[in-house]
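Peer 1: have a look; sequence and predicted model below, questions after that.
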Amino acid sequence: MEHSDDIRAEVCLPTVDLKSDLGFFGSVLGMRLDMIYPADDPTVAVYSGHGLRVRLDQTVGGAPGILRILTDRQEFADGQQVLTSPGGTRVEVHPLNPPLELPETEHAFVVRRLADQAPWVIGRAGMHYRDLIPNRLGGSIIASHIRIPDGGPVPDMVHFHKVGFQLIFCYRGWVDVVYEDQGPPLRLTAGDCFIQPPEIRHRVLEASDGIEVIEIGVPAEHITEIDHEMSLPTPHLRPDREWQGQKFVFNQVKDAVWTPSRLSGFVARDTTIAANTRNVAGVNVLRKGDGKTTWAQHDADIHFTFVMEGSMTLEGEGKEPFSLSPGDAFVIPPGMRTRYSDPTDDLELLEVTLSGAFETISDR
């Protein structure tokens, strides 16, 4: 819907003392008086400011309202964070650009098997979601298996996420996405991945039937904002641009280079994400290699793995072994000894760690 100059919206706040509220909304909150009536004994006043139009009405009654002011100006309202107007309105002052809060990780050994779970949950835009880390490690991370049964154009808008780290790994099918300063739309196919640096503008355009992606977000709860001003693609190509120290990454499986993994008996494909996020996170794909698998432990804060193909047995010290197959996922806490035993020749694992630089100690 287009904006029109002949349509206005205002929020109505009841007041029990309009005359006293006039000074409060004008002097304390810095809003502009636009209308007041009746002249001889006012009961209604309309103020505007800070992107809002407010109608103070002494005749409507009801519970007091709440007004949120977003600002980083320390001097606003003399630094008070909670105020109450003479007419009863509660005013809360919050940061306009609050710092991203990363909860402390609640370490746990987690195994999430596809065969054991309830049906997929239908989320926004008809997408189906599976939560791969139910406890979200205390809110430090969310890992989702997302699929869209019926492909085609995606009803998306230009938006961005206030995150510390975000990964999109294509598991099945393909999806077209356009990103700020990254040129024309890019097609992500099975085995490819994007990292979306904090606040990079982007828009999902179209997806194949049966598209499936693994999406990782840090922290688990983060804000998504719509950008109504930017059009994509943008006119500039800036592949080396950084957003909060992170570069956009489009890593394609067709360019994969396989080298010995940190774990014996496996080879790995480095998606270059550690290098391009300054080790905020690392993303590797593991396959069965030569040699025997051994027991090992790591010191990463978060260590998440998704089984993409094949099967294996996950052994954990003091735990019963788990037989894992495609669609299963697990989290290994730091310091816990584990072994990936009985890997099939077609085994393929997606491994995501925070940070991207950590130590592995193996039993050789």
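Peer 2: Now that the structure is in, tell me what you want to look at. Numbering: from 1, shown residues only.
Peer 1: what are the ranges of the helices in this protein?
Peer 2: Remark: helices assigned in the chain by DSSP state H are 18-23, 273-276.
Peer 1: same list, these, but as TSV with distance to residue 296 please.
Peer 2: Placement of C-beta: from N, CA and C, glycine included. TSV is the format used below for the helices of the chain (distance: least, C-beta to C-beta, whole Å):
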stretch	distance to residue 296
helix 18-23	66
helix 273-276	19
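Peer 1: can you tell me which of those is nearest to residue 103?
Peer 2: Ranking these by proximity to residue 103 (C-beta to C-beta) places helix 273-276 first, at 21.8 Å.
Peer 1: could you dump the closest one to PDB, C-alpha only?
Peer 2: Provided in PDB are the C-alpha atoms of helix 273-276 (Å, rounded to 0.1, in the frame of the first residue of the first chain):
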ATOM      1  CA  ILE A 273      34.300 -18.500   6.700                       C
ATOM      2  CA  ALA A 274      36.800 -18.400   9.600                       C
ATOM      3  CA  ALA A 275      39.200 -16.200   7.500                       C
ATOM      4  CA  ASN A 276      36.500 -13.900   6.400                       C
END
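Peer 1: which stretches of the stretch 251-364 of the chain have low pLDDT?
Peer 2: Counting by pLDDT under 70, the low-confidence segments of the stretch 251-364 of the chain come to 364.
Peer 1: and the strands in it?
Peer 2: Using DSSP state E, counting those that start in this stretch, the strands of the stretch 251-364 of the chain run over 258-260, 266-270, 282-288, 296-298, 302-309, 312-316, 322-324, 329-331, 338-341, 348-354, 360-362.
Peer 1: can you tell which of those is closest to residue 24?
Peer 2: Residue 24 lies closest, by C-beta to C-beta, to one member of the strands of the stretch 251-364 of the chain: strand 348-354, at 46.5 Å.
Peer 1: tell me which other helices or strands that closest one touches.
Peer 2: strand 165-172, strand 211-218, strand 282-288, strand 302-309 (3 or more C-beta pairs under 8 Å, 6 or more residues apart in numbering; DSSP states H and E).
Peer 1: out of the ones you listed, flag the one nearest residue 200.
Peer 2: Comparing the helices and strands packed on strand 348-354 under C-beta to C-beta, the one sitting nearest is strand 165-172, at 9.1 Å.
Peer 1: quick one, the closest one and strand 282-288 angle?
Peer 2: On the basis of axes from the mean of the first three to the mean of the last three C-alpha atoms, to 10 degrees, strand 165-172 is oriented at 30 degrees to strand 282-288.
Peer 1: quick one on the thing from earlier: among the strands of the stretch 251-364 of the chain, which is nearest residue 199?
Peer 2: Residue 199 lies closest, by C-beta to C-beta, to one member of the strands of the stretch 251-364 of the chain: strand 348-354, at 18.8 Å.
Peer 1: re the thing from before, need the strands of the stretch 251-364 of the chain in JSON lines (columns: distance to residue 212 and mean neighbour count).
Peer 2: Formatted as JSON lines, those follow (distance: least, C-beta to C-beta, whole Å; neighbours: other C-beta atoms under 10 Å):
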{"stretch": "strand 258-260", "distance to residue 212": "23", "mean neighbour count": "12"}
{"stretch": "strand 266-270", "distance to residue 212": "19", "mean neighbour count": "19"}
{"stretch": "strand 282-288", "distance to residue 212": "16", "mean neighbour count": "22"}
{"stretch": "strand 296-298", "distance to residue 212": "27", "mean neighbour count": "19"}
{"stretch": "strand 302-309", "distance to residue 212": "10", "mean neighbour count": "22"}
{"stretch": "strand 312-316", "distance to residue 212": "20", "mean neighbour count": "18"}
{"stretch": "strand 322-324", "distance to residue 212": "18", "mean neighbour count": "17"}
{"stretch": "strand 329-331", "distance to residue 212": "13", "mean neighbour count": "23"}
{"stretch": "strand 338-341", "distance to residue 212": "23", "mean neighbour count": "20"}
{"stretch": "strand 348-354", "distance to residue 212": "12", "mean neighbour count": "23"}
{"stretch": "strand 360-362", "distance to residue 212": "29", "mean neighbour count": "14"}
